[in-house]
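Asker: With the sequence up front, the predicted model follows.
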Amino acid sequence: MALLKGPPELLLTLTLHSALTLSPFPGASFYPQWDYCILGAGPAGLQMAYFLGQAGRNYVVFERAGAPGSFFTRYPRHRKLISINKRYTGKVNSEFNLRHDWNSLLSHDQRLLFRHYSKAYFPHADDMVRYLRDFADRLSLRVHYNTAIVHVTLSKNPRAWNGHFFILTDQRGQGYQCSVLFVATGVSVPNEIDFPGSEYVEGYESVSVDPEDFVGQNVLILGRGNSAFETAENILGYTNFIHMVGRSRIRLSWATHYVGDLRAVNNGLLDTYQLKSLDGLLETDLKDLAIVKDRKGRLRITLPVFMDRAKENAPAEAISLPQDEVDNFAMRVPYDRVIRCLGFTFNFSIFNGTLGLAPGKGQKKKYPLIKASYEAKRTRGLFVLGTASHSVDYRKSAGGFIHGFRYTARAVHRLLEHRHHGNPWPSPVYPITQLTNTIIRRVNEASGLYQMFSVLADVVLLKKKATGFEYLEEYPIKMLAELETLTGREAQHGLFVVTMEYGKNFSGPDKDVFYYDRAVGDVEDAWQSNFLHPVIYYYHCLPTEKEMVSRAPGWPLPRPVAIHHIVEDFLTDWTAPVAHILPLRRFLENCLNSDLRSFYAESCFLFALTRQKLPPFCQHGYMNMQGLMANEKLRRHGIESGLMEDYGAIEEQPLDQKLGGPWDSSSPIPACHQHEGRALTYKRPRQGPLPKSFRAWGTQPLAQASSCQRCAQTIVSDRTKVVWRRRKGCTRWYDAPSVWMQDLAHPCVGQRARALGPPQAWHHRPTSCLSPVQRSLSHHFT
Ligand SMILES: *[C@@H]1O[C@H](CO)[C@@H](O)[C@H](O)[C@H]1NC(C)=O
Ligand SMILES: *[C@@H]1O[C@H](CO)[C@@H](O)[C@H](O)[C@H]1NC(C)=O
Ligand SMILES: *[C@@H]1O[C@H](CO)[C@@H](O)[C@H](O)[C@H]1NC(C)=O
């Protein structure tokens, strides 16, 4: 039954047969059934349908209207979307470009990018309708149009995935049975407020959008969100004045960093208010207002207490007005129109009480209460997607908007793939030496991490002894304590969590986000970064649920063992070798007590001779006879491709120039060792960091030789010089390669190095060609 596909009629006949035998509920037996049902063919519903279709799941979408995206056929009323459609970023990385495309849904089809649907930076809502229709058609999503689900209830059944089926009834009385239900119906009920005289108020959903209808009028707008300002913007040049009332301080999205607050594109009225052009903003609780209509049909503002005092059925003129007592009362002029723009709430009416789908508290009461996994608090298998799921990150992140919930829908799909189909959360495994690269690549290109900052996070699960790691993308951060059960992955050996965050004190309606010195440039001050920047948390084990609950206010996660901020960047490009990558690598190395650098074969060879413990890169590469020898050709290639800087000639002294710098392929090990008893000093280039193979030796003292078994010893004499010296009593072994073979027997040559043979024989593996810096750069730019 579970994998039935095909036209609904076929499905119906097939289900009839098996349902009759399976279902213990006589009433339920005639229902066609699906594993996954989605309510609503808006952006969130279609996005989930896409993921289910790709995974080959048995699903259906029910849509009340005859086409997808019906909300957008009516809203926004003035038809201009405020989600940006940035068609050019100067980058070709498609994942990166999604960071600045707030309208596209996720799919494999490159034609289904919003940039092909509109050239406008703030597109027309009709283009969204057209886009959603194409999305459903091209991807052959299974949507039942003209099917309004009017009732949803539960039917207990021990055979059901979650112990119950969802029974849906449509407007024709037809029932449907679903194992998992996604509610993606958005918020559609205009938010009304009841006060004396509210019957005189027109709603955003029906008010005229023709500015000519407002010529010479005094207009009062209730609310101060985007719909209120959008309405004002439309009539600004036609009215006498517009007053706007709301309870709270105006919330500008540039100050709060929340895209749902008032966007600059809509805020023309702020200009005219502050420049004293008659329009204005007032703060009061709408419940403290009352409206009376005077004899001329004009609307006058008064207070509920005056209404109470007046006799019942008293004419409007008999009701006192505030200006009778305070003659400079701000709203003493009568209004021609009062328009309510208070947003929308979720329609709870179709859900049977047994589902326990309750409204959230306080400001979140317009959304159903759900867990951070987007599942209803009380009903397993009931998920809320899209705008209605915004209670998880209300007024924080982008979960209420297409560019955010396209990623939360994917996260929900991944959770369900594990729960019902035994497919653990996708998590490629990499050797530990790729850790810096992987994180740098993600923070530079990942869109889900960026849009859903502080809500979705990448999780790095370390393997035993930190030899490798698994990388889980875009996991809901608040469910971290339950990661193992929800994803099917193990977190026994420590983990990193990679998030993007704004500065702790940088978002709020009253914050001055333009203050001088707001940008942090110094790596030491990275933790004080204000703008969106990557933050990496390190834990020895998963935080417990208790720790998650009792985390410090304002923190997305509980106290970690260690934390690292990558300093904010004006270009949001975290690839600077010294400012971004090096501090990250050092942080990871400190946490892991390991050395994550990449080395050329020569360096590994030297380490093998001189160290007890090899860096993981040498262990994984060189010791497996893989690695790369530095040579002049590679260096030129690196420079020409722009991946490396040309450090120019390195001064060598005091011996002859032919000794061979780190790039000289003629000598498999640095030639200094050919000179018995003498030391060679390399001088650091005057500018810039040391080239890689110098740094391999130079920035960290090598382990001192523990006994006479060690032939070579590195002395870092000071920060600018690296001195290699041969140890007394050891002879000849360093005259590679010809002498190499004979010297394998020498007690000074480590067991490990002995197995390897002469360096020329090592394989070159293309993936090892690039250092972490180079690799992350190449990911970023290609
Ligand atoms: C809520 O949904 C039901 C069922 O579709 C519908 O009949 C009702 O009108 C909706 N309520 C509002 C306020 O729109
Ligand atoms: C809720 O469902 C139960 C049975 O599942 C039914 O008896 C009841 O009438 C439903 N309530 C509403 C309001 O439809
Ligand atoms: C934020 O403000 C608080 C209180 O003023 C201060 O203690 C804290 O250090 C600030 N945090 C940052 C990251 O600047």
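Answerer: Okay, I see it. Numbers count the residues shown, from 1 in each chain. Ligands and ions are numbered 1, 2, ... in the order given.
Asker: Geometric centre of the chain: which residue is closest?
Answerer: Centroid check for the chain by CA atoms, centre = their mean gives L449 as the closest residue, at 2.2 Å.
Asker: Looks to me like that one is in a strand.
Answerer: No - following the definition DSSP: H, G, I helix; E, B strand; the rest coil, L449 is helix and is not counted among the residues of a strand.
Asker: wait, it sits on V459?
Answerer: No - counting by CB atoms under 8 Å, L449 does not reach V459; the two are 11.1 Å apart. Quick note: C-beta positions are derived from backbone N, CA and C, even for glycine.
Asker: any residues in contact with both of these two?
Answerer: Listed contacts common to L449 and V459 are V498; contacts here mean CB atoms under 8 Å, 6 or more residues apart in numbering.
Asker: now the residue nearest to the centre of the chain, nearest residue through space, not along the chain?
Answerer: Ranked by CB to CB, 6 or more residues apart in numbering and with sequence neighbours excluded, the top spatial neighbour of L449 is M500, at 5.5 Å.
Asker: Now do the SS call for the one you found.
Answerer: strand.
Asker: Based on its surroundings, how many neighbours for the nearest residue to L480 once chain neighbours are set aside?
Answerer: Computed as CB to CB, 6+ apart, the closest residue to L480 that is not its neighbour in sequence is P543, at 5.8 Å. Applying the criterion other CB atoms under 10 Å, we find 21 residues in the vicinity of P543.
Asker: Tell me the pLDDT of P543.
Answerer: Among the per-residue scores, P543 holds a pLDDT of 95.
Asker: The residue in the stretch 401-550 of the chain that ligand 3 sits nearest to and L112: what is the separation?
Answerer: Using CB to the nearest ligand atom, the single residue of the stretch 401-550 of the chain nearest to ligand 3 is N505, 3.7 Å away. Between N505 and L112 the distance, using CB to CB, to the nearest Å, works out to 40 Å.
Asker: higher neighbour count, the two?
Answerer: Neighbours per residue, other CB under 10 Å: of N505 and L112, the larger number sits with L112, 19 against 10.
Asker: Helix or strand for the nearest residue to that one once chain neighbours are set aside, just tell me which one.
Answerer: The shortest distance from L112 to any non-neighbouring residue, by CB to CB, 6+ apart, is to F135 (5.6 Å). Secondary-structure assignment from DSSP states H and E places F135 in helix 125-138.
Asker: Next secondary structure element downstream of that helix?
Answerer: As assigned by DSSP H and E, the chain's next helix or strand after helix 125-138 is strand 143-144.
Asker: helices or strands next to the helix or strand following that next one in the packing?
Answerer: From strand 143-144 onward toward the C-terminus, using DSSP H and E, the following helix or strand is strand 149-156. Other helices and strands packing on strand 149-156, by 3 or more CB pairs under 8 Å, 6 or more residues apart in numbering; DSSP states H and E, are strand 164-170.
Asker: In its sheet, which strands sit next to the strand it packs on, and in what direction?
Answerer: Sheet neighbours of strand 164-170, with direction, are listed as strand 149-156 (antiparallel), strand 175-183 (antiparallel) (DSSP bridges).
Asker: So is that strand next to ligand 1?
Answerer: No - if you take CB under 6 Å from any ligand atom as the test, strand 164-170 misses ligand 1, and the best it gets is 9.7 Å.
Asker: residues making contact with that strand?
Answerer: Residues from elsewhere that reach strand 164-170 (CB under 8 Å, 6+ apart): 28, 31, 33, 37, 39, 62, 147-157, 175-181, 379-382.
Asker: So among the residues you listed, which ones count as buried?
Answerer: Applying a neighbour-count criterion of 16 or more other CB atoms under 10 Å, the buried members of the contacts of strand 164-170 are 28, 31, 33, 37, 39, 62, 147, 149, 152-155, 157, 175-181, 379, 381-382.
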